[in-house]
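I need the structure of the sequence given here:
(4 chains)
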Number of protein chains: 2
Amino acid sequence: MSKIQHRNLYREVADRIRELIEHGDLVPGERISEKQLCETFGVSRTPLREALKVLASEGLVELLPNRGARVMQLTVKMVKDTYDLMGALEGLSGELACQQISDGQITAICKLHDQMLDHYHNREMQAYFAVNRQIHESILAAANNQVLEEMYNNLSYRVKRVRYSKKMTDAFWRQAVNDHEMMIVALKARDGKRLGQILRDHLCHKLEVVTLAGVIEDDELINAVNG
Amino acid sequence: MSKIQHRNLYREVADRIRELIEHGDLVPGERISEKQLCETFGVSRTPLREALKVLASEGLVELLPNRGARVMQLTVKMVKDTYDLMGALEGLSGELACQQISDGQITAICKLHDQMLDHYHNREMQAYFAVNRQIHESILAAANNQVLEEMYNNLSYRVKRVRYSKKMTDAFWRQAVNDHEMMIVALKARDGKRLGQILRDHLCHKLEVVTLAGVIEDDELINAVNG
DNA sequence: AAAAGGTATTATGAATTCATAATTCCAGCA
DNA sequence: TGCTGGAATTATGAATTCATAATACCTTTT
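Reported below is the predicted structural model:
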């Protein structure tokens, strides 16, 4: 791994550690060795520890007093809670977007929607997810709320490790596409309340189709605490 | 000011700086002198700078490369955006709370509600706000979603400097109390959708009754950037 | 007197050093 | 053999030191 370039070191380090977590190179629950990371990145402990503190406040890492840091161990409940929250934020983004979105932005989203439909009919799941994400990001951007965007991205990062299942059921997929059809209708009508409602409900079953790799069951956690 | 006690220093320091910001001792836009804060708290620069980085990631402080830190300057738009977000989160808390709240918790909230009504009728604004906050916190707690709670508290901290106006209009106050009446009805019926809707709308006009002390108008900001 | 340039000072960014808490490992003992 | 206690080691928490960028101040020149 290439050494880090020296500019705003703690921020660079934080980005790199985020990548390591996202990529699964740092295993949840496993202790993070400061010395080892220092050597990996070629930096001293000061910026590394600053980065860890930022990551802790982002909820990606947990700091144990006098016992170092570890990658945050996600529980099923935490993932569910996070999805609930993201649903609420998506809903808000829809409501806000309708208040000010331009005709051009709407046509752009409709274009993406058509692309997504193509991928759906061709059963191209990767491409489908990519365009799907673009649509939601477009709505988020159209909401024109920096604080919302920041929060949403933070939450998104926390559960990034939980990947979408490769074997999404047809029924679920059809339902998701159907939601998107309704979204487009509401968006074109600039019906914020309705778009918000659709988006809030849209995400709420997403948990059913994620693979919980690296996520521990809550009863496991209880055992780990008691045992 | 008493020296800080040595235990998880960076966290203590962060708490203290939050207090200073909330209390208005650290003025928005003003540069934060590391040396001065170090002397105030009786700590070295290392934990202080760690604290600043955490506060920056919380949005309370902004870090300028090679030029230190300053208290985040709130704009009217940022405050509005934050209130929109908090409204959405309140709404979610209501929905979730209805799914699992116990009878005991409901009666406790009803009790608070009655207290609040008393304060309203007696025109005791301070007490009214205190109980009002307790009600919303109770619902938030009943939602049983740690991530939500954490995020709400963070947002709350960002706009804490913006205080409620002493001269809230009767009309507005009556409307707020009316909202609360409807909330109680929905809560007793455990009607999550409805409670969520009320809570989302409840906050959305709050901006109208806050004093924007220390907050700069967005056109001022534009002037500051251009000038 | 005002502006430009350069030096001195100060503040920040990062590395190193020091202190202390946690862990490991081993000896002694039951 | 397994358990307890303590020394040695290691890792973390915090302070200090070093390097460098930004700022302030002063001189020089027009």
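
Number of residues surrounding whichever residue of chain A sits closest to DNA strand D?
Of chain A, the residue with the smallest distance to DNA strand D, taken as CB to the nearest atom of the strand, is residue A:68 at 2.8 Å. Backbone N, C-alpha and C define where each C-beta goes, glycine included. For residue A:68, the tally of surrounding residues (other CB atoms under 10 Å in any protein chain shown) stands at 14.

Sort out which residues of the top helix by length along chain A are buried, please.
Looking only at chain A and at elements set by DSSP state H, the helix with the highest residue count is helix A:76-100. Residues of helix A:76-100 classed as buried: A:76-98 (neighbour count, 16 or more other CB atoms under 10 Å in any protein chain shown).

Stretch A:44-51 now?
Within stretch A:44-51, the residues scored as buried using 16+ other CB under 10 Å are A:47-51.

pLDDT of the next helix or strand after the longest helix of chain A, averaged?
In the C-terminal direction, the helix or strand that comes right after helix A:76-100 (DSSP states H and E) is helix A:103-121. The average pLDDT for helix A:103-121 rounds to 97.

for stretch A:71-88, same thing?
Mean pLDDT, computed over stretch A:71-88, is 93.

First residue to last residue on stretch A:21-28, what's the distance there?
Between the start and the finish of stretch A:21-28 there is a gap of 8 Å, counting by CA to CA, to the nearest Å.

Now do the phi/psi pair for the spatially most central residue of chain A.
In chain A, the C-alpha nearest the mean C-alpha coordinate belongs to residue A:156, at 1.9 Å (CA atoms, centre = their mean). Taking degrees, to the nearest 10, you get phi -60, psi -40 for the backbone angles of residue A:156.

neighbours around residue A:26, how many?
Count around residue A:26 with other CB under 10 Å applied: 20.

now do residue A:160
Here the count is done by other CB under 10 Å, and residue A:160 has 13 residues near it.

Let me see the backbone angles for it.
Dihedral pair for residue A:160: phi -60, psi -30, per degrees, to the nearest 10.

Would you enumerate the residues in contact with the closest residue in space to it that isn't next to it in sequence?
Nearest in space to residue A:160, with sequence neighbours left out and distances taken as CB to CB, 6 or more residues apart in numbering or on different chains, is residue A:22 at 5.1 Å. Listed by CB atoms under 8 Å, 6 or more residues apart in numbering or on different chains, the contact set of residue A:22 reads A:157, A:160-161.

same thing with residue A:158?
Applying CB under 8 Å, 6+ apart to residue A:158 gives the contacts A:58-60, A:72, A:74, A:82, B:147.

Including distance to DNA strand C, could the residues you listed go into CSV?
Compiled in CSV, the contacts of residue A:158 are given as follows (distance: CB to the nearest atom of the strand, whole Å):
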residue, distance to DNA strand C
A:58, 18
A:59, 22
A:60, 20
A:72, 18
A:74, 22
A:82, 28
B:147, 27
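
which two in the residues you listed are spaced the farthest apart?
Across these, no pair lies farther apart than A:58 and A:74, at 13.7 Å, counting by CB to CB.

Report how many residues lie close to residue A:71.
By the other CB under 10 Å criterion, the neighbourhood of residue A:71 contains 23 residues.

so where do the strands sit in chain A?
Using DSSP state E, the strands of chain A run over residues A:31-32, A:61-64, A:68-71, A:163-164, A:210-211.

and these as TSV, adding distance to residue A:126?
Supplementary listing: the strands of chain A in TSV, determined by distance: least, CB to CB, whole Å:
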stretch	distance to residue A:126
strand A:31-32	31
strand A:61-64	29
strand A:68-71	26
strand A:163-164	10
strand A:210-211	15
